[in-house]
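Student: okay, here's the prediction I keep looking at, along with the sequence it came from:
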Amino acid sequence: MNAHLPALQVVLPLLAAPVCVLLRNRRVVGVWATLIAWASLAIAITMLVHTMEHGTISYALGGWESPLGIELRVDVANAFLATIVTGIASIVLPYGPGSATLAIPQDRQYLFYTAFLLCMTGLLGMSVTGDAFNVFVFVEITSLSSYTLIALGKGRRALTAAFSYLVMGTIGGTFILLAIGLCYQMTGTLNMADMALRLQPVMGTRTVLVAFGFFVVGASIKLALFPLHQWMPNAYTHAPSVVSAFLSATATKVSYFVLVRVVFTIFGAAYVFGTVHFEWLLMPLSIAAMFVGSIAAMYQTHIKRLLAYSSMAQIGYMTLGLSMNSVEGLTGGLVHLFNHGLMKGGLFLVVANITFRLNSSKIQDMAGLARKMPWTTLAFAVGGLSLIGVPGTAGFISKWYLVQAALMKGQIWLALLILMSSLLAVGYVWKVIEVMLLKPPTKRVENTTPAPLRMIWPVWVMIGSTVVFGLWTTWTGTVAEVAAETLMGLR
Amino acid sequence: MTATLMMAAFFIPIGVVPLMWAARKMPDLRDGLMVVAGLMTFACVVGMVPAVSDGARPEVLFFQVFDGVPLAFRLEPLGLVYALVASGLWVPTSLYAFGYMRGHGETNQTRFFICFALAIFAALGIAMSANLFTLFTFYEVLTFSTYPLVTHAGNKAAKRAGRIYLGILVTTSVTMLLMAILWTYVIAGTLDFTVGGILAGKVDGPLVPILLGLFAFGAGKAALMPFHRWLPNAMVAPTPVSALLHAVAVVKAGVFTILKVVIYIFGLDLLYTTGGSDILKWVAAATILISSIVALRLDNFKARLAYSTISQLAYIVLGAMLVTPDSVVGASMHIAMHAMGKITLFFVAGACLVSVHKSKVSELNGLGRKMPIMFGAFSIAAFSIIGLPPGGGSWGKWFMALGATSQPSDYPFVFVYMLSSLLAIGYLMPIVARAFFLPEKVGPSTAHHEADAHGDGQHAQADHPETSIEDPSLVPVLPIGETIRETHLLMLGPIVFTAAGCIALFLLAPQLEAFLRPIVGGSQ
């Protein structure tokens, strides 16, 4: 049974998506999509437990053995990622599309669920596949469905945001395709493991170097690494909040994982860090992202845009972990992938609640909100503390691993930079909290009421888990460490 | 058994929070719950004293967070003293706060008291932590749970103070304290508080003073100069906050962290032999003297006390940095001594504000004759802060100065301790002298109180409806003599209680010293 799980993981949401169109009814589709997400989560957790105990699961699609056929290959790292994607989806889907921020009428909301499930399919496919071309296919499925999701946002600017993401995303996707093509030309295979093996004799060639370059730039656009992040703030600002919650928590993360795969699985650390010295590029860019993103976030007047810039900074932490080329560093990156998914997803849901009631995402309009929506404000505060990396929250765990990795390499200046950039997070988080807590309420706030319970519990599941995973690290720290060791070939 | 008590003491302050929230519509029940929780917590902490005194070290391990770093609790004498201080002063401060908050007509009282309980919870977590990670976790909980208290007024000044408060405390703790903790972890592979230290033999040369400096400045709550500015600014908070948090829980968390690090992370022997703390001795000495001189010049009552606190905290830091058994035991004793004395002084400052609307030292003339009990208590506490019998503070200072006599190069610090006592006389005694010996000033802001004093005190309130006191039951109505009008009993009671505590600590000092001796182990 377990052997078939990788295929089931992708096929289940893929088949469930068109069913949404057949079902049509808004509520039925909502329940259906939620059930599918929960089933996918069960599959992902089963795979994670299985791989932790027994190691890698390999599945030959259609019975065609690799390297000829398509191989789905799930180790701890892949299963970890699939768990994140399905876990976030399982919380976001019951929340529903948040109709107040959706441009389409209620009777066509099934399209939201269809696009959502397709997006999930793509992300899961990228997570579990062991085939390079397959990665491209799933990148495109994800991208196309996420353009749709972003364009669903209310207001015309959602369309331009989606369009600019489409342009950037297509460039990114094309670069990945070019890279795969070049690698295929040199090796004659598309299976990642096989490709890695056959690349060894031709490592010195310029073609391989160019392929690596295309891979890196393509993936970097998708994961919004500074300075290729332009599409992101607009996309997250104008998309429906729920979509921002899901995409920020998963899409950039999966792209990060693709980059990690490219570095460690296809090209190998010896080539990437030993020959090309990728860290000379990635580390400065990561640090720049941490600082530029945080500083830009401080100057935002819209809360969603603030969170988007914060995402840019947090992605910097992840790529920094990758650039350190050590188990601790990569563990930090992967842990942060999970933790940031939780807190940013949770924060966007908080914002969804606020905009649902206030019909505005301007920070100034949230004055005195602590009095009218105390639980929502508290949720924002906890999520914000996690972004800062206060101990007892998930963000602290990531920070700990990253700083430890820097210190173990003897790079005290790097440790200091990481800590200093986390201070900037205090700046942008507190900017919002001060307004919510200390400013006298505006008229708009005076007339508001707390969000309905249906919208509050998903928020608290996410925000609560940032606290749980801030203290209890068995399933994050330990798993991420095993995943990092697997990726680096130490296991 | 002791471990059970320890967990009870740890969980009661946070356990009462949801109950207080549930009772938010019934202020009396809410406040009553807090007092009951305070008494229970204190009883649990006191219940552990005999066992810990016999050498028991109750331990509770929650779970591993990082490799070799669990979230765990372990109680030893120093932590118990801090826990006793924090939990023991919670009840009097609560009672005082009820009088103050209602008398002052403050809003958002439920939020206020909930954050208060959370702060005590964090302080107990710090006191009982078994390793630096656990300590740091609760250290930050304390920072963020006290932010709403500092900014309680919600006005511009409060917002500014809140920014400075968070800015300095978070910056120091994240860039220096956390850095030092992680560095220690990478070097030593553990963060457990161990008698004799965990760094001995693993660090040497300039790394010792660098690491110690990161710890000492990183514990920004200790207000070592130049990271002291948050403390005077935080005084915009309501007085009960200033009293408990900025004389007891928060600032003591800072010096407690430094003491813990010196004793259980570095170990006295390592610092004594390498001289790693030499620079910090001078930083602490400078802080003592500079802040005392600043305090001399301040007219704002609470600000003067704030600078006095900075100076007294630096006493403790200096005691720790002298790294002799005597000075470290003295510094640990001084945590309790200073807390008891300073909280009394703050209580009096707050009572002056609520009862007679005076916030400046220069306005206190003659008040001592109107409120002899309150200013009598103030005098006793002031003696303790100065370091004179019958105040407990004299013992803490005695042992710290004794520690400074162990090697000739430390002799200047004996002089620093003596000089600072003189300065303390200079900034505290004028308050006593004004209150008791100078005639009351008649000014525009104080005119109607003057009338009260000479007229019929019982009906004075009705004659002055413009007064800002909301609750008529809380006006000062304790006419003992014709001109004597003490402050409200809810405020006067705690003041007398803590002043008596100063004397009690003076008498109990030998027991306290014997109790604390084991923390320095066999150090020479």
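Tutor: Right, received. Where do you want to start?
Student: for the one residue in chain A that gets nearest to chain B, pull up the helix or strand it's in.
Tutor: Taking CB to the nearest CB as the measure, chain A has residue A:391 as its residue closest to chain B, at 3.9 Å. Where you see a C-beta, it was placed from the backbone N, CA and C, and this is true even at glycine. In the assignment (DSSP states H and E), residue A:391 maps to no helix and no strand.
Student: and residue 209, which helix or strand is it part of?
Tutor: No chain specified, so I'll use chain A. helix A:206-223.
Student: look at chain B instead
Tutor: helix B:207-218.
Student: could you give the mean pLDDT of the helix or strand that that helix is followed by?
Tutor: Where DSSP H and E defines the elements, the next helix or strand beyond helix B:207-218 is helix B:230-233. In this model, helix B:230-233 has a mean pLDDT of 86.
Student: quick one, the helix or strand just after the helix holding residue A:209 and helix A:206-223 angle?
Tutor: Moving toward the C-terminus from helix A:206-223, the first helix or strand encountered (DSSP H and E) is helix A:231-238. Here helix A:231-238 points in a direction 20 degrees away from that of helix A:206-223 (axes from the mean of the first three to the mean of the last three CA atoms, to 10 degrees).
Student: now helix A:231-238: mean pLDDT?
Tutor: Helix A:231-238 comes out at a mean pLDDT of 88.
Student: domain parsing for chain A?
Tutor: Following automatic domain parsing, one finds the domains of chain A at A:1-162+A:227-258, A:299-491.
Student: what packs against the helix holding residue B:209?
Tutor: Judged by 3 or more CB pairs under 8 Å, 6 or more residues apart in numbering or on different chains; DSSP states H and E, helix B:207-218 is in contact with helix B:179-188, helix B:250-260, helix B:268-274, helix B:278-297.
Student: so which bits of it are buried?
Tutor: B:208, B:209, B:210, B:211, B:212, B:213, B:214, B:215, B:216, B:217, B:218 (16 or more other CB atoms under 10 Å in any protein chain shown).
Student: pipe those into a markdown table and attach distance to residue A:166 and pLDDT per row.
Tutor: Shown next, in a markdown table, are the buried residues of helix B:207-218 (distance: CB to CB, whole Å; pLDDT from 0 to 100):
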| residue | distance to residue A:166 | pLDDT |
| --- | --- | --- |
| B:208 | 58 | 89 |
| B:209 | 58 | 90 |
| B:210 | 52 | 90 |
| B:211 | 52 | 91 |
| B:212 | 56 | 91 |
| B:213 | 53 | 92 |
| B:214 | 49 | 92 |
| B:215 | 52 | 93 |
| B:216 | 55 | 91 |
| B:217 | 51 | 92 |
| B:218 | 48 | 91 |
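Student: all strands for the chain, in order.
Tutor: Picked chain A for this. A:57-60, A:71-74 (DSSP state E).
Student: should've been chain B
Tutor: Under DSSP E, chain B gives strands at B:59-66, B:69-74.
Student: got a list of what residue 128 touches?
Tutor: Just so you know, I chose chain A. If a contact means CB atoms under 8 Å, 6 or more residues apart in numbering or on different chains, then residue A:128 has A:6, A:9, A:10, A:72, A:73, A:74, A:78, A:82 as its contacts.
Student: not what I meant, chain B
Tutor: B:6, B:9, B:10, B:73, B:74, B:75, B:79, B:83 are the contacts of residue B:128 under CB under 8 Å, 6+ apart.
Student: show me the shaky parts of chain A.
Tutor: A:1, A:97-103 (pLDDT under 70).
Student: kindly recompute the last result at 80.
Tutor: The model of chain A has pLDDT under 80 over residues A:1-3, A:62-63, A:65-68, A:96-108, A:155, A:357-360, A:371-372, A:443-455, A:474-475, A:490-491.
Student: against chain A, how distant is residue B:317?
Tutor: 23 Å (CB to the nearest CB, to the nearest Å).
Student: which ones are touching residue A:108?
Tutor: Per CB under 8 Å, 6+ apart, neighbours of residue A:108: none.
Student: with residue B:425 instead?
Tutor: residue B:386.
Student: go with 10 Å
Tutor: Residues near residue B:425 by CB atoms under 10 Å, 6 or more residues apart in numbering or on different chains: B:382, B:383, B:385, B:386, B:387, B:388.
Student: which of the residues you listed ranks first by neighbour count?
Tutor: residue B:385 (30 neighbours; other CB atoms under 10 Å in any protein chain shown).
Student: how about that residue: what's its closest non-neighbour residue?
Tutor: residue B:341 (4.6 Å; CB to CB, 6 or more residues apart in numbering or on different chains).
Student: likewise for residue B:308?
Tutor: residue B:295 (5.1 Å).
Student: and whichever residue of the stretch 51-200 of chain B sits closest to chain A, how many neighbours?
Tutor: Closest contact between the stretch 51-200 of chain B and chain A, by CB to the nearest CB, is at residue B:137 (3.9 Å). By other CB under 10 Å, 24 other residues sit near residue B:137.
Student: look up the closest residue to it, ignoring the ones flanking it.
Tutor: residue A:391 (3.9 Å).
Student: before we move on, the earlier item: just the closest of the contacts of residue B:425 to residue B:89, please.
Tutor: Using CB to CB, residue B:385 is the member of the contacts of residue B:425 that lies nearest residue B:89, at 15.5 Å.
Student: pLDDT value on the closest one, please?
Tutor: Reading off the model, residue B:385 has pLDDT 89.
Student: also the one 10 residues further on?
Tutor: Model confidence at residue B:395, given as pLDDT, is 89.
Student: what do you get for residue B:252?
Tutor: pLDDT, residue B:252: 91.
Student: shouldn't it be in contact with residue B:119?
Tutor: No. Counting by CB atoms under 10 Å, residue B:119 is not a contact partner of residue B:252; they are 11.8 Å apart.
Student: and residue 119, what is it in contact with?
Tutor: Using chain A here. A:13, A:17, A:85, A:89, A:141-149, A:243, A:246-247, A:250-251.
Student: wrong chain, I was asking about chain B
Tutor: Residue B:119 makes contacts with B:13, B:86, B:90, B:141-146, B:148-149, B:241, B:244-245, B:248-250, B:253, as judged by CB under 10 Å, 6+ apart.
Student: show me those residues that map onto helices.
Tutor: Among these, the members found in helices (DSSP state H) are B:13, B:86, B:90, B:141-146, B:148-149, B:241, B:244, B:250, B:253.
Student: and residue B:138, how many residues sit next to it?
Tutor: Around residue B:138 there are 23 residues (other CB under 10 Å).
Student: find the nearest non-adjacent residue to it, please.
Tutor: Per CB to CB, 6+ apart, closest to residue B:138 is residue B:125, 3.3 Å.
Student: what residues are up against the one you found?
Tutor: Here residue B:125 is in contact with B:10, B:13-14, B:71, B:73, B:83, B:134-135, B:137-139, B:141-142, B:253 (CB under 10 Å, 6+ apart).
Student: just checking, residue A:122 touches residue A:149?
Tutor: No. If you go by CB under 10 Å, residue A:122 and residue A:149 don't touch, sitting 11.5 Å apart.
Student: which neighbours do those two have in common?
Tutor: residue A:251.
Student: hey, least reliable of the helices and strands packed on helix B:207-218 by pLDDT?
Tutor: helix B:268-274 (a mean of 85).
Student: burial count for residue 322?
Tutor: Since no chain was named, I'll use chain A. 25.
Student: not quite, I wanted chain B
Tutor: 30.
Student: roughly how far does the closest residue to it other than its chain neighbours sit from chain A?
Tutor: Spatial nearest neighbour of residue B:322, excluding adjacent residues (CB to CB, 6+ apart): residue B:403 at 4.8 Å. From residue B:403 over to chain A the distance is 33 Å, taken as CB to the nearest CB.
Student: give the contact list for residue B:403.
Tutor: Residue B:403 neighbours (CB under 10 Å, 6+ apart): B:318-320, B:322-331, B:410, B:413-414, B:417.
Student: okay, now the domains of chain B?
Tutor: B:1-266, B:269-455+B:477-516.
Student: how about those domains in a markdown table, adding distance to residue A:321?
Tutor: Shown next, in a markdown table, are the domains of chain B (distance: least, CB to CB, whole Å):
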| stretch | distance to residue A:321 |
| --- | --- |
| domain B:1-266 | 15 |
| domain B:269-455+B:477-516 | 33 |
